[in-house]
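Asker: sequence and computational prediction follow.
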Amino acid sequence: MEFHVLQRDHTSQARRGRLITCHGSIETPVFMPVGTQATVKSLSPDELAILNAEIILGNTYHLFLRPGAERIQRLGGLHRFMNWNRSILTDSGGFQVFSLARINQIQEDGVVFQSHIDGSRHLIRPETAMEVQAQLGSDIAMSFDECTPYPVDHPYALESMKRTVRWARRCREAVKSDRQAVFGIVQGSVFPDLRRACLEELQEIGFDGYALGSLSVGEPKELMLEVLERTMPQMPAAKPRYLMGVGTPEDLVEGVHLGVDMFDCVMPTRNARNGMLFTSRGSIQIKNSQFADDPDPIEIGCSCYACRHFSRAYLRHLFICKELLAYRLNTIHNLHHYLGLMTAMRQAIEQGRFAEWRERFYAGRR
RNA sequence: GUGGGUGUAGCUCAACGGUUAGAGCACUGGGUUGUGGCCCCAGAGGCUGUGGGUUCGAGUCCCAUCACUCACC
C-alpha cells in the first residue's frame, strides 16, 4: 500500500492525499461506507460504484461468525464473494466484541465472548483477528484492540491501552502478506497523556496507518474534539490517519480540519433505514407528517437517484409502509450526501481555501 | 322470533364496588457515531354504547334500550 500527501491546506491542518491499494486508488480525505456483513445494507455493488465509493468496510467479527472466514476464502476472498472489486478495509472485531457480544473474559491472550447470534463461545486472539482478515483478503486490516467505554477511569484506561499495544505488536507480527496493509489503533480514552503514549508505542512497532479508536462512544462532543485537537498533531504526517466510527457531517468537517484522512460510520446508512435523511441544511425525519403532501425531493438540487426521481411524499409513504425500496433510496441519498461532502472538502483543500469552505458549511446549517 | 355472549383510546384488549380508567399496536415529536432492517425517550388521544336505578362511591351491581355476534326456530 502507498500513501501520498498531495497537498496541505495552509488555513488548517487539512490535507489532500491518495491511498493506493491492490484494488485501486483512493482520494483522501475519504468516507468509507460500512458493509458489515459483506454488503452495504440495501445496496448492490453497482449502486455503490455509481455513488463513487472507493473503499468500503467489512467486519471480522460478523464474517467470522457467519458465514465463516474459511468459507469466504474458499469462495475466492471477500472481494470476489461480494463482487466488489474496489478496496476493502476490515475492522478487526475489537469493537463488536465489546459492543455486541457478551464478554466472558478479557485476558492477556485475547477475549472470550459469546456470539450475539447463537450464544456460542469463542476466543478471539490478536492472531485470530489477523488470520481471519487475511482469509477475507481485505486491502487494509485493523489490529485487534479493546474499545474502552466512556466513562472509564485513568488506571483502567492505562491498563487497557497497554494491553491494546501488546496486542498490536502481536497483530503486526502475525501479518505475512505484503498485499495487506495493517493499521494500528490508538487508544487511551479521553486522556491525552495515554493517547500520546499509545501513539508513540504503536509508531515504534510501525504500522501502515494509524487510527483513533474509542471516540464517539458517549463522551460529550467537545471532549471528543479536544482529544482530537491534542492527538492529531502527534500523528505521523506521512501515514494515513483514520478516525474510527465517526461521525456526523459536522464531525467529518472538524476531522478533516484537524488532519484526518479516513472516516467510517454507520450513520448515513443506518439512519437512512431509520428515516433520517441528511441535507446541507441539516437532517430531516422523512416520517414527519409535514412531508405527507410534499412534492419536492429530499434536497432541491441534489443529483442522487432518489432526489432526481422521487418526492418526499413518496419516500415518506414508502418508509411508513416499511417498503424495501425506502431503505434503498434513503441509503442512496445519505451516502451520496456524505461522499459529496468529502468531494467538496477535497476540492476546497486543493483550492487552498478549506477554512473559508468550512465557514460556509456552518453558515448553511440551521 | 327465542335464548346466550360482547360493547372501555383509531385497532386488539386489561382494570377485586374504592386514588387522576391502563397496556400493546397505530398516530405525533425527539434521539441514533469501528450496523441486530432495530432500539430508546417523550407526547397526544376516553361522556367506559345510551337512558334510568341501587350505593358514601359504579367501567364493575340491577332495569330498560340500541348495536354487534353466536346458537336454535
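Answerer: Noted; the coordinates are in hand. Residues are numbered from 1 along each chain as shown, chains lettered A, B, ... in the order given.

Asker: mind listing what residue A:157 touches?
Answerer: Residue A:157 sits next to A:148, A:187, A:188, A:189, A:191, A:194 when contact means C-beta atoms under 8 Å, 6 or more residues apart in numbering. (Glycine included, C-beta is placed from N, CA and C.)

Asker: repeat that for 7 Å
Answerer: Neighbour list for residue A:157: A:148, A:188, A:189, A:191, A:194 [criterion: C-beta atoms under 7 Å, 6 or more residues apart in numbering].

Asker: that one is in what secondary structure piece?
Answerer: Using DSSP states H and E, residue A:157 sits within helix A:154-174.

Asker: on that earlier part again, hmm, which of the contacts of residue A:157 is lowest in pLDDT?
Answerer: Across the set of the contacts of residue A:157, residue A:148 stands lowest in pLDDT, at 91.

Asker: so which bits of the longest helix along chain A are buried?
Answerer: As assigned by DSSP state H, the longest helix anywhere in chain A is helix A:324-350. In terms of neighbour count (16 or more other C-beta atoms under 10 Å), helix A:324-350 has its buried residues at A:326-342, A:345-346, A:348-349.

Asker: from the contact counts, what lies against that helix?
Answerer: strand A:15-21, strand A:30-32, helix A:249-257, helix A:267-273, strand A:276-279, helix A:305-309, helix A:312-320, helix A:354-363 (3 or more C-beta pairs under 7 Å, 6 or more residues apart in numbering; DSSP states H and E).

Asker: confirm that residue A:179 sits in a helix.
Answerer: No. Residue A:179 is assigned coil when assessed by DSSP: H, G, I helix; E, B strand; the rest coil, not a helix.

Asker: contacting residues around it?
Answerer: Contacts for residue A:179 (C-beta under 7 Å, 6+ apart) come out as residue A:22.

Asker: tell me the spacing between it and RNA strand B.
Answerer: The gap separating residue A:179 from RNA strand B is 21 Å, by C-beta to the nearest atom of the strand, to the nearest Å.

Asker: next one: residue A:320
Answerer: From residue A:320 to RNA strand B the distance is 5 Å (C-beta to the nearest atom of the strand).

Asker: what number of residues lie near that residue?
Answerer: 14 (other C-beta atoms under 10 Å).

Asker: so it sits right up against residue A:287, yeah?
Answerer: Yes. With contact defined as C-beta atoms under 7 Å, residue A:320 reaches residue A:287; the gap is 6.1 Å.

Asker: report the mean confidence score over the helix holding residue A:157.
Answerer: Mean per-residue pLDDT for helix A:154-174: 97.

Asker: that one close to RNA strand B?
Answerer: No. For helix A:154-174, no contact with RNA strand B is found by C-beta under 7 Å from any atom of the strand; the gap never falls below 9.0 Å.

Asker: what does the stretch 251-366 of chain A put close to RNA strand B?
Answerer: Residues of the stretch 251-366 of chain A lying near RNA strand B (C-beta under 7 Å from any atom of the strand): A:251, A:264-267, A:269-271, A:273-276, A:283, A:285, A:287-290, A:292, A:320, A:322, A:324, A:326-327.

Asker: again, only this time at 6 Å
Answerer: Selection of the stretch 251-366 of chain A residues close to RNA strand B by C-beta under 6 Å from any atom of the strand yields A:251, A:264-267, A:269-271, A:273-274, A:276, A:285, A:287-290, A:320, A:324, A:327.

Asker: and the buried ones among these, selectable in PyMOL?
Answerer: In PyMOL syntax, the buried subset of these is picked out as below (16+ other C-beta under 10 Å):
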select buried, chain A and resi 251+264+265+267+269+271+273+276+327
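
Asker: what residues are up against residue A:312?
Answerer: A:286, A:291, A:294, A:296, A:297, A:298.

Asker: turn those residues into a markdown table, including pLDDT and secondary structure.
Answerer: Below are the contacts of residue A:312 laid out as a markdown table (pLDDT from 0 to 100; DSSP: H, G, I helix; E, B strand; the rest coil):
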| residue | pLDDT | secondary structure |
| --- | --- | --- |
| A:286 | 97 | coil |
| A:291 | 97 | helix |
| A:294 | 97 | coil |
| A:296 | 97 | coil |
| A:297 | 98 | coil |
| A:298 | 97 | coil |
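
Asker: so residue A:62 touches residue A:36, yeah?
Answerer: Yes. The criterion here is C-beta under 7 Å, and residue A:62 meets it with residue A:36 at 5.2 Å.

Asker: the strands in the stretch 1-150 of chain A, which residues?
Answerer: A:2-8, A:15-21, A:24-28, A:30-32, A:55-59, A:87-91, A:102-106, A:111-114, A:121-124, A:140-142 (DSSP state E, counting those that start in this stretch).
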